[in-house]
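J.: I'll drop the sequence and a predicted model, then ask my questions.
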Amino acid sequence: MAPRPFYVGTAQHDLWADQKGQWIGTYNAAPVYKIYKKHVAFTSEKQPAINQPIHKSAIGYHVRSGVHGLQLYDWEQYMKFIEYHFLDIEPRSVEEVYK
């Protein structure tokens, strides 16, 4: 994958996914991205807080509240990540997008 941007999303009560394993794998990919001089915004081994997505990073990540499945929140985070990395658009609120 490195040095291409990638994004991982999960849900707080997703019993179908291994949230901790997803985070460990994502976090441990960071050193490879740093070899390529890509910015990775992880500051700690601790999984980010719920509903606190990371977009301005070569590796994006979020844990949302809720259960298994794709929700509107997930799609909004994926689109913010895509806009930031491929269209040079700063992450913005949904309200700003639809003004």
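T.: Sure thing, it's come through.

J.: so which bits of the longest helix along the chain are buried?
T.: Using DSSP state H to define each element, the chain has its longest helix at helix 19-35. Buried residues in helix 19-35, counted by 16 or more other CB atoms under 10 Å: 19, 22, 23, 26, 27, 29, 30, 33. For glycine as for every other residue, the C-beta is placed from the backbone atoms N, C-alpha and C.

J.: so which residue is dead centre in the protein?
T.: Note on the chain: the residue nearest the mean C-alpha position is residue 61, at 1.9 Å, using CA atoms, centre = their mean.

J.: before we move on, the earlier item: what packs against the longest helix of the chain?
T.: strand 6-13, strand 59-67 (3 or more CB pairs under 8 Å, 6 or more residues apart in numbering; DSSP states H and E).

J.: deepest in the core, which of those strands is it.
T.: Sort the helices and strands packed on helix 19-35 by mean neighbour count, taking mean count of other CB atoms under 10 Å, and strand 59-67 sits at the top with a mean of 20.

J.: lowest confidence element among the helices and strands of this structure?
T.: One helix or strand of the chain scores below all others by mean pLDDT, DSSP states H and E: helix 94-97, with a mean of 81.

J.: list the helices and strands it packs on?
T.: Right, helix 94-97 is packed against no helix or strand by 3+ CB pairs under 8 Å, 6+ apart.

J.: 10 Å - rerun?
T.: helix 72-86 (3 or more CB pairs under 10 Å, 6 or more residues apart in numbering; DSSP states H and E).

J.: could you measure from residue 9 over to residue 34?
T.: 22 Å (CB to CB, to the nearest Å).

J.: chain center to the longest helix of the chain, what's the gap?
T.: 11 Å (CA atoms, centre = their mean, to the nearest Å).

J.: for it, list the C-alpha coordinates in PDB.
T.: The C-alpha coordinates for helix 19-35 follow below in PDB (Å, rounded to 0.1, in the frame of the first residue of the first chain):
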ATOM      1  CA  GLN A  19     -11.500  -3.300  16.100                       C
ATOM      2  CA  LYS A  20      -8.400  -3.700  18.200                       C
ATOM      3  CA  GLY A  21      -6.700  -5.700  15.500                       C
ATOM      4  CA  GLN A  22      -7.700  -3.100  12.800                       C
ATOM      5  CA  TRP A  23      -6.100  -0.400  14.900                       C
ATOM      6  CA  ILE A  24      -2.900  -2.400  15.700                       C
ATOM      7  CA  GLY A  25      -2.500  -3.100  12.000                       C
ATOM      8  CA  THR A  26      -3.200   0.400  10.900                       C
ATOM      9  CA  TYR A  27      -0.900   1.900  13.600                       C
ATOM     10  CA  ASN A  28       1.900  -0.500  12.700                       C
ATOM     11  CA  ALA A  29       1.800   0.500   9.100                       C
ATOM     12  CA  ALA A  30       2.800   4.100  10.000                       C
ATOM     13  CA  PRO A  31       6.600   3.500  10.000                       C
ATOM     14  CA  VAL A  32       6.600   2.300   6.400                       C
ATOM     15  CA  TYR A  33       4.800   5.500   5.400                       C
ATOM     16  CA  LYS A  34       7.300   7.600   7.300                       C
ATOM     17  CA  ILE A  35      10.100   5.900   5.200                       C
END
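
J.: thanks again, I'm all set now.
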